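[1] just to be clear, the model below is a prediction. Sequence and coordinates:
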Amino acid sequence: MVKDIVLEKDVVTIKHYLFRGIATEFMTFGRYRKARAMANMSIQEKCFVCENEFGEEENLSLLFNGNRTNKLCCEKCAEDILKGE
């Protein structure tokens, strides 16, 4: 009889994204969440870059990647991106 063997393995995946531009001070998270909820659309609740959750009154920035999957980021990450960091 063969016993089950359970292995745990950490896997790191690196993805590269090409963004065409950034719109700073896009809107507050509360306004964004309300608009998306009214349209029955998914809501991105974390910064795409640092993955911190957005606060209700936090200003969002919008990353454009040339197709329909634009991403939101926080002001700090937007500033870092614009500085080239």
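    Yep, that arrived.

[2] mind listing the strands for the protein?
    Assigned by DSSP state E, the chain shows strands spanning 21-28, 59-64, 71-74.

[3] out of those, which one sits most buried?
    strand 71-74 (a mean of 22; mean count of other C-beta atoms under 10 Å). Bear in mind the C-beta positions are built from the backbone N, C-alpha and C, glycine included.

[4] OK, contacts around the spatially most central residue of the chain?
    Geometric centre of the chain, nearest residue: F48, 2.0 Å, by C-alpha atoms, centre = their mean. By C-beta atoms under 8 Å, 6 or more residues apart in numbering, the contact list for F48 reads 63, 71-73, 77.

[5] TSV please, covering the strands of the chain and showing mean pLDDT.
    Shown next, in TSV, are those (pLDDT from 0 to 100):
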stretch	mean pLDDT
strand 21-28	91
strand 59-64	93
strand 71-74	94
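
[6] so which of the ones you listed is nearest E8?
    strand 71-74 (30.4 Å; C-beta to C-beta).

[7] partners of that closest one, with directions?
    Paired neighbours of strand 71-74 in the sheet (DSSP bridges): strand 59-64 (antiparallel).

[8] now the partner strand - C-alpha only, CSV.
    Taking C-alpha atoms only, strand 59-64 is exported to CSV below (Å, rounded to 0.1, in the frame of the first residue of the first chain):
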residue,chain,number,x,y,z
ASN,A,59,-7.8,59.2,-4.5
LEU,A,60,-7.1,56.6,-7.1
SER,A,61,-4.9,56.7,-10.2
LEU,A,62,-5.7,54.7,-13.3
LEU,A,63,-3.1,52.8,-15.3
PHE,A,64,-3.9,52.4,-19.0
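
[9] any regions of this protein where pLDDT drops low?
    Counting by pLDDT under 70, the chain has low-confidence residues at 1-2, 85.

[10] helices of that one, start to end?
    In the chain, the segments counted as helices under DSSP state H are 29-38, 75-83.
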